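Visitor: below: sequence and its predicted model.
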Amino acid sequence: MLHKNNDKKDNIQKSDKVINNTIIITLSICLFTIIIFGSLNFMIFNKDFYYREYSKNGIYAQLTQSDNSSNTYTYNRTYAVSTAQNITENVIKFFRNTQDLKYFSDDEKSHMQDVKKLIRTMQFIYYGAAILTILLFFYCYRRFKEDKLHFIKILARSLLYSSIAAITFLLILFLLSVFYFELTFTVFHMIFFPQGNWMFSSTSLLITMFPEQFFFDITLRIFIYAIFQALIFFGIGYWMHKQLKIVEKHHAFR
């Protein structure tokens, strides 16, 4: 009878270990997703960044005003800034599904539709990960209501694993972007836009507004925001891990 009870106890412990490890892995993936996609989502809809890029890359000078009567084009700063703002506002509202896309050619609109689908998929994964993280947090809180140390251990490991994975991924992305940006940019488009409608002439409005330098800068900014968030997660997870070690050592000497 004692042997059967021990076997039953061992099975329960194994089952609990599997469940706990599953929670840690799932929570780590969710937190990793929040770190990466959260920064991406923020930058896509950051209009101030767009306007700074226009000034930096000389976009305003390329948005000339047409004089239909003489068939000539002249540069007007007020007109250029207003046009750039209108286009940016339209693009962001298009991505938010509150306005149809204007200004661009049919080919450009077709590509932007694909970009929008990719953004919507990213947002679905991002918000899904955020909701799942909240649900897992409350589930763990209830599951380990009588064992707060185990609850903290789950959170600490999840924070550490997710932040380490995010930092590793971001550093690889950063190195690829710095040393092989054109190749990385091309491979990215070939993977996510296999239909091949992402190449345009240098005179197209899409390339004028969003040149290669724009994508390099936004990638760098996403990296900065994401790495900062990952370091915060790592710091919290490491601090929790150290506190657990202190508490466990204290209990060991009692």
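Guide: Good, I have the coordinates.
Visitor: quick one: low-confidence residue ranges for the stretch 51-200 of the chain.
Guide: In the predicted model of the stretch 51-200 of the chain, residues 65-75 satisfy pLDDT under 70.
Visitor: residue ranges of the helices in it, please?
Guide: Assigned by DSSP state H, counting those that start in this stretch, the stretch 51-200 of the chain shows helices spanning 77-95, 106-143, 148-179, 181-192.
Visitor: so which of these gets nearest residue 246?
Guide: Judged by C-beta to C-beta, the one of these that comes nearest to residue 246 is helix 148-179, at 11.3 Å. All C-beta atoms are positioned from the backbone trio N, CA, C, and that covers glycine.
Visitor: tell me what that closest one is packed against?
Guide: Applying 3 or more C-beta pairs under 8 Å, 6 or more residues apart in numbering; DSSP states H and E, one finds that helix 148-179 makes contact with helix 2-44, helix 106-143, helix 181-192, helix 212-252.
Visitor: residue 60: which of those is closest?
Guide: Closest approach to residue 60 among the helices and strands packed on helix 148-179 (C-beta to C-beta): helix 212-252, 13.6 Å.
Visitor: that closest one relative to helix 181-192, how many degrees between them?
Guide: 80 degrees (axes from the mean of the first three to the mean of the last three C-alpha atoms, to 10 degrees).
Visitor: how about the most centrally placed residue in the chain, what does it touch?
Guide: For the chain, residue 37 is the residue whose C-alpha lies nearest the centre (C-alpha atoms, centre = their mean; 1.8 Å). By C-beta atoms under 8 Å, 6 or more residues apart in numbering, residue 37 lies in contact with 122, 123, 125, 126, 129.
Visitor: on that earlier part again, quick one, which of the helices of the stretch 51-200 of the chain gets closest to residue 42.
Guide: helix 106-143 (10.4 Å).
Visitor: and that closest one, what's buried?
Guide: 108, 111-112, 114-116, 119, 122-123, 126, 129-130, 132-133, 136-137, 140, 143 (16 or more other C-beta atoms under 10 Å).
Visitor: same question, stretch 165-177
Guide: For stretch 165-177, by 16+ other C-beta under 10 Å, it's 165, 166, 167, 170, 173, 174, 176, 177.
Visitor: run the chain-centre distance for it.
Guide: 13 Å (C-alpha atoms, centre = their mean, to the nearest Å).
Visitor: also stretch 83-93?
Guide: 22 Å.
Visitor: re earlier: as JSON lines, the buried residues of stretch 165-177 with distance to residue 58 would be great.
Guide: JSON lines is the format used below for the buried residues of stretch 165-177 (distance: C-beta to C-beta, whole Å):
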{"residue": "165", "distance to residue 58": "39"}
{"residue": "166", "distance to residue 58": "34"}
{"residue": "167", "distance to residue 58": "35"}
{"residue": "170", "distance to residue 58": "30"}
{"residue": "173", "distance to residue 58": "27"}
{"residue": "174", "distance to residue 58": "26"}
{"residue": "176", "distance to residue 58": "27"}
{"residue": "177", "distance to residue 58": "22"}
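Visitor: looking at the residues you listed, spot the one nearest residue 50.
Guide: Nearest to residue 50 among the buried residues of stretch 165-177: residue 177, at 19.2 Å, using C-beta to C-beta.
Visitor: thank you kindly, that will do.
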